[in-house]
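Novice: give me a model of this one.
(one chain, ligands or ions: 1)
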Amino acid sequence: MTTARGLAARRIATFGAAGAFDDGAVVLDAGKIAWVGPRGDAPAGVPIEDLGDRLITPGLVDAHTHAAWVGSRHAEYAVRMAGGDYRDIAAAGGGILSSMRALQATTEDALFEALAARLLRMARLGVTCVEVKSGYGLEPELELLQLRAIARAAAREDLPRVVPTFLALHALPERARATPALRAAYIDHVAEIVVPEVAAGGLARFVDAYVDANAFTVDEARRVALPAKAAGLGVRLHVGQFADVGGAELCAELGARSADHLEHVGDHGLARLAAAGTAAVLLPTASFTLGQAPPPVARLRAAGVALVVASDANPGTAPTESLPLALALAVRQYGLTPDEALLAATRTAARSLDAAGGTLDVGSPADLVVWDLQHEHAIVQPWGVPKTHRVLRGGRPIA
Ligand code: FE
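Specialist: Numbers count the residues shown, from 1 in each chain. Below is the predicted model of the structure:
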């Protein structure tokens, strides 16, 4: 352990095998966790930095974001808060199409800069791994531009780790809305041409589609998910945000890693998710913005579905970059316990992304947060304030 160094603090919460305990130390070596345990048992000869009255946890993992966007949808928010529905929002120039137009008017460089700045702000909130979806391009060339900007962010070691997802079906571009044949042709093109190109270019690890009333059907989502699976991509789907149209059953059928939203899901769908090992990604900031009732957390628990909490960071329905805020709402609005919420944004979130990390287990990447807090439960409250002292990725400070 020639390069090993240690950090000691008032409390360590590993979200892994060693649990949480007071007066602990963690030893980092070659970018990984080499040892964790009581301070007095730390290996001899390793220099230990005393961080005093602080808390060390693994970095938070945000498993559902739309962080690659530009522009501003402040006008839409005012319409929404005044009670406007999606038609009023569209009439005011808002919605997914407004983010598409902003993307059309920008460059890959500018999008990358906006994304990198956003990821750095997320790091300052304690996040070391972020799933980032495309989905504001809608047209293939703009989706690819978005995915290339995401790939550039993923190549940067001074930002949180990035897990890229191709959100293949988010909304129809205007040209595909006039007839069912145009709609089908758009979806065929995405399935047959764009999905293979994205997979061959290594531009995504997952495929996603928005399965809901007023969005895409189960059959349409399956149409893009099957070639994506065949090309080696994992599946995560937006399902049941507004209506149960069978999205949970589709996730189970496809062996999806996650079913996201789930405000509307029946017992049959929950049982299928549990049997398939598909995690539920809860997005409390979105249901808060939309004034919706929470998903059926007690029934999810009873069915044995793994719970993940994510920010859904996007310019429309979840106008935040803060996973800690989502955790606060998961506890206050959804009734998760603080421990459930924290596991849902660390170990379980990382597993749903097939990513290393989310724990301080030996061998995990040294992605960790030193918090100006005395206990991990203080991550979920007080809310709305920065609470990190230092954020490390692979043992190196990124915030
Ligand atoms: Fe989303």
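
Novice: CA atoms for contacts and neighbours, from now on please.
Specialist: OK.

Novice: which parts of the stretch 251-399 of the chain are helices?
Specialist: Counting by DSSP state H, counting those that start in this stretch, the stretch 251-399 of the chain has helices at residues 267-276, 284-290, 297-303, 323-332, 338-344, 347-352.

Novice: show me what the fourth one packs onto, helices and strands only.
Specialist: For helix 323-332, the contact count by 3 or more C-alpha pairs under 8 Å, 6 or more residues apart in numbering; DSSP states H and E identifies helix 284-290, strand 307-309, helix 338-344 as packing neighbours.

Novice: ok, and what's touching the last one?
Specialist: When you say that, I think you mean helix 338-344. F15, L307, V308, V309, L327, A330, V331, A349, H377, V380 (C-alpha atoms under 8 Å, 6 or more residues apart in numbering).

Novice: can I get the helices of the stretch 251-399 of the chain in TSV including distance to S134, mean pLDDT and mean neighbour count?
Specialist: Compiled in TSV, these are given as follows (distance: least, C-alpha to C-alpha, whole Å; pLDDT from 0 to 100; neighbours: other C-alpha atoms under 10 Å):
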stretch	distance to S134	mean pLDDT	mean neighbour count
helix 267-276	25	98	19
helix 284-290	18	96	21
helix 297-303	28	97	16
helix 323-332	19	98	25
helix 338-344	23	98	23
helix 347-352	18	98	25
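
Novice: looking at those, which is closest to A90?
Specialist: Nearest to A90, of all the helices of the stretch 251-399 of the chain, is helix 284-290, at 15.7 Å by C-alpha to C-alpha.

Novice: alpha carbons only: can I get that closest one in CSV?
Specialist: Only the C-alpha atoms of helix 284-290 are listed here, as CSV (Å, rounded to 0.1, in the frame of the first residue of the first chain):
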residue,chain,number,x,y,z
PRO,A,284,-40.3,12.7,-6.4
THR,A,285,-39.3,16.1,-7.8
ALA,A,286,-41.4,15.4,-10.9
SER,A,287,-44.5,14.4,-9.0
PHE,A,288,-44.0,17.4,-6.7
THR,A,289,-43.8,19.8,-9.6
LEU,A,290,-46.9,18.2,-11.2
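
Novice: looking at the helices of the stretch 251-399 of the chain, which is nearest to G83?
Specialist: helix 284-290 (9.8 Å).

Novice: which elements pack onto that closest one?
Specialist: Contacts defined by 3+ C-alpha pairs under 8 Å, 6+ apart place helix 284-290 against helix 323-332.

Novice: quick one: distance of the helix it packs on to the chain centre.
Specialist: Chain-centre distance of helix 323-332: 14 Å, with C-alpha atoms, centre = their mean, to the nearest Å.

Novice: please apply the same query to stretch 331-350.
Specialist: For stretch 331-350, the distance to the chain centre is 13 Å (C-alpha atoms, centre = their mean).

Novice: for that stretch, how far is the first residue from the last?
Specialist: 20 Å (C-alpha to C-alpha, to the nearest Å).

Novice: so can I have TSV of the helices and strands packed on helix 323-332 showing distance to R301?
Specialist: Formatted as TSV, these follow (distance: least, C-alpha to C-alpha, whole Å):
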stretch	distance to R301
helix 284-290	16
strand 307-309	8
helix 338-344	10
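
Novice: closest to A276 out of these?
Specialist: Across the helices and strands packed on helix 323-332, A276 has its closest neighbour in strand 307-309 (13.9 Å, C-alpha to C-alpha).
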